[in-house]
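Chemist: Next input, structure requested:
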Amino acid sequence: MSANEEEGNSKRDSPNVPRRLGEVGRKSSNVGVEQDEASDDASEGRDNNRKTSKQGQESAGGILSQLRKIKKAHLQYVNAHSERLKARLAEDEIHRKEVIEEIAALEFELIAIGLGCESEEE
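Modeler: Predicted structure coming up:
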């Protein structure tokens, strides 16, 4: 750090010195920075990417084809996801049964050695 930088950092009103709680700092400058502003079209909900010419009417078959592709892809995804959920549910049921059987076996062992609880809890 140079002597000028150290001197600048030691001054109370230097921009490099953090402000105390409750003090008002300098306003930030917007040099070279422009804020984003929404255009009137965007703020009114208009879709500027859509073309409103006869081209849209001519490509109705293309749109229908795309729509069918999207539907097919969506149904494939949903059906595959449904199968994954069913498989997971079956795994969970198997696990649940195994745990219940293991707990029952341990309870039986405890009762057999005389350490069973007076009251049974389910």
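Chemist: which helix is the longest one in this structure?
Modeler: Of all the segments of type helix in the chain, defined by DSSP state H, the longest one is helix 60-112.
Chemist: and that helix, what other elements does it pack with?
Modeler: Packing contacts for helix 60-112, counted by 3 or more Cβ pairs under 8 Å, 6 or more residues apart in numbering; DSSP states H and E, involve no helix or strand. Using the backbone N, CA and C atoms, a C-beta is placed for each residue, glycine as well.
Chemist: And the lowest mean pLDDT element among the helices and strands of this protein?
Modeler: Among the helical and strand segments of the chain, the one scoring lowest on mean pLDDT, DSSP states H and E is helix 40-43, with a mean of 51.
Chemist: And the pLDDT at residue 60?
Modeler: The model reports residue 60 with a pLDDT of 82.
Chemist: Run a quick neighbour tally on it.
Modeler: Residue 60 has 9 neighbours, counted by other Cβ atoms under 10 Å.
Chemist: All set, thanks.
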